[in-house]
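Q: what follows is a predicted protein model with its sequence.
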Amino acid sequence: MFISAIILAAGRSERMGFDKLLAKINGTPAFLYSIHTFERSGVNEIILVVPAEKISEYEKELSCRRFAVPVRTVAGADIRHRSALFGINASDSRCELLLIHDAARPFVTESMIQSVIASVKENTAAIPVVKLSDTVKFCENGYVSGTPDRDSLRAVQTPQGFLKKDYLDALEKVGERAEKFTDDASLFEAAGKKVVITDGDPRCFKLTSPQDMLLASMIAPNMGVDDMPRIGHGYDVHRFAEGRKLILCGKEIEYGEGLLGHSDADVAVHALMDAMLGAAALGDIGRHFPDNDPQYKGISSITLLKKVNALLRENGLALSNADITIIAERPKLKDHIEDMRGIIADAVEIDISRVSVKATTEEGLGIAGKGIAAHAVVLLESV
């Protein structure tokens, strides 16, 4: 059965005061959490319904990541059922089962999604619910007018699941009345159709007020989205060689000797690339740019650095900052440091304030003038 997940993100976040779905929770835009969960839960496609004027912003965030299933954006509307319908109309022609989810509930779980799917296959419609922990009152004109039995009440969550043909049939039956419903199950019920309940999860709460963002930041690390910062360390060393240019951090330095290597032997950039690749668990520069491959003979290490930076982006990561230490008895490098920082910053597309380059000696110990070594430490963040 072909399953389409329709994730609604077309609201205006009026009570929040800012766009809560593009706002980041521990470094990741809120709307992405549910997308990551749905792609692991057996759906065949994900359709994200967003405000028309913000499509480019959402697509920019999506373009930095890879997903296991197709993810597409469509423009939504101010009324919920119309946004849902726009998403449904954009679904694959093979779609038989719909899951309609509020992007403002970032912490939906795989078990919730799979329970809804299983129940829809048996009963045509299903919604996740949780028991109420608070007593509920009917209130009129500033006074309590009644107390319903809490045992029979449930708080409704999403995703809400339906067979596509039944949902469209219900929508046609209720007609203009659909505008007053705050969830899709209400529409279904109004059409005289049965809705089965499944177990929800208290963590699948709806982001409504600014305080909810603080709670979300505490829950996020346990929800299976890997957005924790990554630290990497790189080291390289090259010996001096006559007849070669000395290139460090992309800058040519006037000196009588250069460094021996297959590429331009920029030892500092090599250390930096290894640190970046290591933090991303993507191997090392020898794996990506073998020193026996003719295409890399004499190549600029800055060119390779740009390739590594692009590779990180393809994997949803970006360099946050870098600290490079060059170890050299000779030549003196202090007059070149600022130029080096600028070249590196441009290559990896970050501000120069996030790039540190230092030079030191080993006071006659270690390589003792036979070559130059470099260490690099980096921090990567999810993008």
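A: Nice, thanks for sending it over. Numbers count the residues shown, from 1 in each chain.

Q: quick one: Phe162 and Val116, what's the gap?
A: For Phe162, the distance to Val116 (Cβ to Cβ, to the nearest Å) stands at 10 Å. To be clear about C-beta, it is placed using only N, CA and C from the backbone, and glycine gets the same treatment.

Q: poorly predicted segments of the stretch 151-300 of the chain, please.
A: 224-228 (pLDDT under 70).

Q: for it, which segments count as strands?
A: 154-156, 160-163, 196-199, 230-242, 246-248, 251-253, 257-259 (DSSP state E, counting those that start in this stretch).

Q: for the third one, enumerate the helices and strands it packs against.
A: Under the contact criterion of 3 or more Cβ pairs under 8 Å, 6 or more residues apart in numbering; DSSP states H and E, strand 196-199 touches helix 110-123, strand 125-131.

Q: give me whichever of the strands of the stretch 151-300 of the chain is most buried.
A: strand 160-163 (a mean of 26; mean count of other Cβ atoms under 10 Å).

Q: so what does that strand touch, helix or strand wise?
A: Checked by 3+ Cβ pairs under 8 Å, 6+ apart, strand 160-163 has strand 95-102, helix 110-123, strand 125-131, helix 184-190 packed alongside it.

Q: right, so of the ones you listed, which gets closest to Lys332?
A: Nearest to Lys332 among the helices and strands packed on strand 160-163 is helix 110-123; the distance by Cβ to Cβ comes to 58.2 Å.

Q: just the buried positions in that closest one, please.
A: Within helix 110-123, the residues scored as buried using 16 or more other Cβ atoms under 10 Å are 112-113, 115-117, 119-120.

Q: domain assignment for this protein?
A: 2-222, 230-382 (automatic domain parsing).

Q: on that earlier part again, what is the nearest of the buried residues of helix 110-123 to Met223?
A: Met112 (12.1 Å).

Q: just give me the neighbour total for the closest residue to the closest one other than its chain neighbours.
A: Distance criterion Cβ to Cβ, 6 or more residues apart in numbering; nearest residue to Met112, sequence neighbours excluded, is Pro128 at 5.1 Å. Counted by other Cβ atoms under 10 Å, the residues lying close to Pro128 total 27.

Q: export stretch 110-120 as CSV, just CAs?
A: Taking Å, rounded to 0.1, in the frame of the first residue of the first chain, the C-alpha atoms of stretch 110-120 are listed here in CSV:
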residue,chain,number,x,y,z
GLU,A,110,7.9,5.8,14.9
SER,A,111,5.7,3.6,17.0
MET,A,112,2.9,6.2,16.9
ILE,A,113,3.1,6.4,13.1
GLN,A,114,3.2,2.6,12.6
SER,A,115,0.3,2.1,15.0
VAL,A,116,-1.8,4.6,13.0
ILE,A,117,-0.9,2.9,9.7
ALA,A,118,-1.8,-0.6,11.0
SER,A,119,-5.2,0.7,12.4
VAL,A,120,-6.1,2.5,9.1
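
Q: what's it in contact with?
A: With contact meaning Cβ atoms under 8 Å, 6 or more residues apart in numbering, stretch 110-120 is reached by 3, 37-38, 40-43, 97, 99, 126-128, 157, 159-163, 196, 198-201, 204.

Q: quick one: contacts for His101?
A: His101 touches 5-8, 34, 38, 108, 158-160, counting by Cβ under 8 Å, 6+ apart.

Q: ok, what's across the strand from it?
A: Ile7 (DSSP bridges).

Q: how about the helices in the stretch 201-350 of the chain?
A: 210-219, 267-279, 285-288, 301-314, 337-348 (DSSP state H, counting those that start in this stretch).

Q: got the CA coordinates for the second one in CSV?
A: Put plainly, it is helix 267-279. Extracted C-alpha coordinates of helix 267-279, given in CSV (Å, rounded to 0.1, in the frame of the first residue of the first chain):
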residue,chain,number,x,y,z
VAL,A,267,50.5,20.5,5.2
ALA,A,268,48.2,22.9,7.1
VAL,A,269,45.3,22.4,4.7
HIS,A,270,45.9,18.6,4.7
ALA,A,271,45.5,18.6,8.5
LEU,A,272,42.4,20.7,8.3
MET,A,273,40.8,18.4,5.7
ASP,A,274,41.6,15.3,7.8
ALA,A,275,40.0,17.0,10.8
MET,A,276,36.8,17.8,8.9
LEU,A,277,36.5,14.3,7.3
GLY,A,278,37.2,12.7,10.6
ALA,A,279,34.6,14.7,12.5
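
Q: and that helix, what other elements does it pack with?
A: strand 230-242, helix 285-288, helix 301-314, strand 317-327, helix 337-348, strand 371-382.

Q: so what secondary structure elements neighbour the longest one?
A: Same thing as helix 301-314. Against helix 301-314 (3+ Cβ pairs under 8 Å, 6+ apart) you get helix 267-279, helix 285-288, strand 317-327, helix 337-348.

Q: closest one to Ser301 among these?
A: Of all the helices and strands packed on helix 301-314, helix 267-279 comes closest under Cβ to Cβ, at 3.9 Å.

Q: which parts of the closest one are buried?
A: Quick answer for helix 267-279 (16+ other Cβ under 10 Å): 267-279.

Q: tell me how far the ends of stretch 144-154 are from each other?
A: One end of stretch 144-154 to the other measures 20 Å (Cα to Cα, to the nearest Å).

Q: and stretch 49-65, by the same measure?
A: Terminal-residue distance, stretch 49-65 (Cα to Cα): 18 Å.

Q: got the buried residues for it?
A: So, applying 16+ other Cβ under 10 Å, buried residues of stretch 49-65: 49-51, 54, 58, 61-62, 64-65.

Q: check stretch 123-131 too.
A: Here stretch 123-131 shows 124-130 as buried, counting by 16+ other Cβ under 10 Å.

Q: pLDDT (mean, whole number) over it?
A: What stretch 123-131 shows for mean pLDDT is 94.
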